[in-house]
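from the sequence below, what's the structure:
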Amino acid sequence: MPYGYSAKILEIDVTGRKQKTRSIDDRLYRSTMGGSCLGAIYLLENLNKNIDPLSPENILLFSTGIVTGAPVPGSAIYSVISKSPLTQRIHEAPTPGYLGEKIKKCGYDLIAIKGRSSKPVILFINGENIDFIEAEGYWGLSTGETTERIYDLLGSDVSVATIGPAGEKQVLFASIVNDYIFNTSRGGLGAVMGSKNIKAIAINGKHEIEIFDKKTLDELSIRYKRHFIENPVSKGHYEGGGAAGFIEWLSSEGLLSARNAHHTSFSEAREIDGNTIVEKYGYKNVYCANCYGGCKRRLKKEINGIDNRYGAPELETLASIGVGSELKDLDKVLKACELTSRYGLDGTSTGAVIAFANECYENGYITRDDTGGIELGFGNSDAAITLIELIVKREGIGDVLAKGVMRASEILGKETKDFALHMKGMEISTHDPRTKAMLGLGYAVNPNGPVYTSVEHDTDFDYTAPELYMRKVSPLTVYDRLEATDLGPEKVRMFYLLQPAFSMLDAVGACIFAFSPVRYFDFRDLVKIIDAITGWETSLFELFKIGEKRLNLFRAFNMREGFTSEEDKLPDRYFKEIEKGPKKGIRLHRDEFDEARKLYYQLAGWNEKTGWPKCEKLLELDIDWVKKYK
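Numbers count the residues shown, from 1 in each chain. Model (predicted):
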């Protein structure tokens, strides 16, 4: 038996309620390290072209990488991968918590779910035993109620991934919620799960994962536990308000989109900052499997009807809902964020949809007749909560907004196109690309969509960044500080060098909050960890090729589905000046952006006109067979 993985895929057909196990060739596993490269290959080989993502033909993957489940910090990540109903492209949603480790302990590296159940069902994967539990009595329940009932039924040792009413109603940005608090957020994969009539997946694996060199992992774990707090980013995530405690600072620096990206600063951001939540209500750290980082938070107690089982909101959800629509009533913002976990909604898309609706309302494209008498508008926290309820129920204007901003704009009229801030159908993160230009390029060309984790942010390498950060990225041949708003050739080179690093972390199941370039573990530590898990002799070179392979496999899948390079662009709003705040007047310049994208294509080995990976690049990455999809 290999170390660190089982070389097995579990295939479940929920239509016929059948399952079978397939073996993974050792060379295939080594050349992908499991995870999202293996998942992308599986979809390319088993998913027909141009299928409807909400049809029974779509495949929902639960994928683990070589690092997933290992007894070392930063190993809790697994990914849900499928064809997204939002983008009609492949989407991977990396997810922390405990479920990834449970999958590995069941003896599987990849779970592939196909078909559509005739009735609501819960899948219970208990080692090699798979049970189909009737779930009609669970349909309509919140994610918390579902999780609690499954714990009561199967025991608290199981890990539960469930959809809420949003996934059941196939809201296109529905999420999957793991064990109350860990969210598979982006891409609408909760809608895919709901389309299959799967209410939840419960997993309880008890087989120990075989490790080649446990002593080395123990030594690295002890070092992390003793010293990770010395890293400024890790310290910020562990203490006080956590990542959400950066909201006031980010806003004061003009780095967060506010008022649907008309501004990049919100004067009342302090009112909803994570540190304010700590001062007012208190937090408890929540830990993932095998990790001491404590990045997640939970309110110390239930307050004002806010169920603390769902945790406290993370930076992305809090900023997207609160800053995006300039909401300053903390309790109501907390409630809105809680509802995204309760109902199973992607918090980033939810905030973007609310901001879009507010702008449409203020310009007369949504009226009180459309909203059932509700007065929308920026700063209106009550309306935001009501909109979430309408979206989940798919009632009135909520049914339109449940399709995401791109489709909602198409329904409401071409005049609203400028209000719909999306990339390829997916709503854009609240980190504004005008003030972080490299991140903006990442939003445009990332085959996984406009997610803020596609690359390290520009501000980590500008003239205000700690010297520590520059030392950590020097092994990647990134030596020079550059202004955050710069998008010249040197910044494009920086992006080209950093993007595979983040892609690789997702591919192998390593957490960006433990391993990314400016966190405590560096990439040389990751090489040691993978060698200790497997007994291999890997290298930074091999790992970065894994990162590139993931990007190119995803790219090939998307282009097979009809994607063109014309879609690698940002909405017009980001080429207009910021209207208010410390970054007032800053904008992206279209000619410079187009030149940056062209140069990136050249560096990445993609055709400058079509965006297709060149044959020699595919050969270099050992995936030249994907050219048949061209």
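
give the contact list for residue 557.
With contacts defined as Cβ atoms under 8 Å, 6 or more residues apart in numbering, residue 557 is in contact with 40, 43-44, 89-90, 447, 629. Glycine gets a C-beta too; all of them are placed from N, C-alpha and C.

give me the lowest-pLDDT entry from the residues you listed.
Ranked by pLDDT, those bottom out at residue 629 (87).

counting neighbours, what do you get for it?
By the criterion of other Cβ atoms under 10 Å, residue 629 has 13 neighbours.

that older thread, can you flag the buried ones in the contacts of residue 557?
40, 43-44, 89-90, 447 (16 or more other Cβ atoms under 10 Å).

return the residues in contact with residue 487.
437-438, 440-441, 588-589, 592-593, 596.

run through the stretch 51-200 of the chain and note the low-pLDDT ranges.
Along the stretch 51-200 of the chain, segments meeting pLDDT under 70 are nowhere present.

tell me where it has helices.
Taking DSSP state H, counting those that start in this stretch to define them, one finds helices in the stretch 51-200 of the chain at 99-105, 143-154, 165-168, 189-195.

residue 63: which of these is closest?
For residue 63, the closest of the helices of the stretch 51-200 of the chain is helix 99-105, at 8.6 Å, according to Cβ to Cβ.

packing partners of the closest one?
Judged by 3 or more Cβ pairs under 8 Å, 6 or more residues apart in numbering; DSSP states H and E, the packing partners of helix 99-105 are strand 60-64, strand 78-83, strand 159-162, strand 198-203.

sorry, back to before: of the contacts of residue 487, which qualify as buried by neighbour count?
By 16+ other Cβ under 10 Å, the contacts of residue 487 give 437-438, 440-441, 588, 593, 596 as buried.

which one of those residues is nearest residue 511?
residue 438 (21.6 Å).

the helix or strand harbouring that closest one: how far from the chain's middle?
For residue 438, the element it lies in under DSSP states H and E is helix 437-445. Computed by Cα atoms, centre = their mean, to the nearest Å, the chain-centroid distance of helix 437-445 equals 16 Å.

same deal with stretch 239-246?
Taking mean C-alpha positions (Cα atoms, centre = their mean), stretch 239-246 and its chain are 19 Å apart.

what do you get for stretch 575-595?
Counting by Cα atoms, centre = their mean, stretch 575-595 comes out at 26 Å from the chain centroid.

what about dumping the CA coordinates of that stretch to PDB?
Extracted in PDB, the C-alpha atoms of stretch 575-595 (Å, rounded to 0.1, in the frame of the first residue of the first chain):
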ATOM      1  CA  PHE A 575     -11.500  50.900 -15.800                       C
ATOM      2  CA  LYS A 576     -13.200  54.000 -14.300                       C
ATOM      3  CA  GLU A 577     -11.800  56.100 -11.500                       C
ATOM      4  CA  ILE A 578     -12.600  55.300  -7.900                       C
ATOM      5  CA  GLU A 579     -15.100  58.000  -6.800                       C
ATOM      6  CA  LYS A 580     -14.300  58.300  -3.100                       C
ATOM      7  CA  GLY A 581     -11.700  57.400  -0.500                       C
ATOM      8  CA  PRO A 582      -8.000  57.400  -0.100                       C
ATOM      9  CA  LYS A 583      -7.500  55.800  -3.600                       C
ATOM     10  CA  LYS A 584      -9.900  58.300  -5.300                       C
ATOM     11  CA  GLY A 585      -9.000  58.700  -9.000                       C
ATOM     12  CA  ILE A 586      -7.200  55.400  -9.400                       C
ATOM     13  CA  ARG A 587      -8.300  53.100 -12.200                       C
ATOM     14  CA  LEU A 588      -7.000  50.300 -14.400                       C
ATOM     15  CA  HIS A 589      -6.000  51.400 -17.900                       C
ATOM     16  CA  ARG A 590      -7.400  49.200 -20.600                       C
ATOM     17  CA  ASP A 591      -4.300  49.300 -22.900                       C
ATOM     18  CA  GLU A 592      -2.000  48.500 -20.000                       C
ATOM     19  CA  PHE A 593      -4.300  45.700 -18.900                       C
ATOM     20  CA  ASP A 594      -4.500  44.200 -22.400                       C
ATOM     21  CA  GLU A 595      -0.700  44.300 -22.700                       C
END
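
buried ones in it?
Result for stretch 575-595 [16+ other Cβ under 10 Å]: buried residues 578, 581, 583, 586, 588, 593.

having no further points to raise, I will conclude here.
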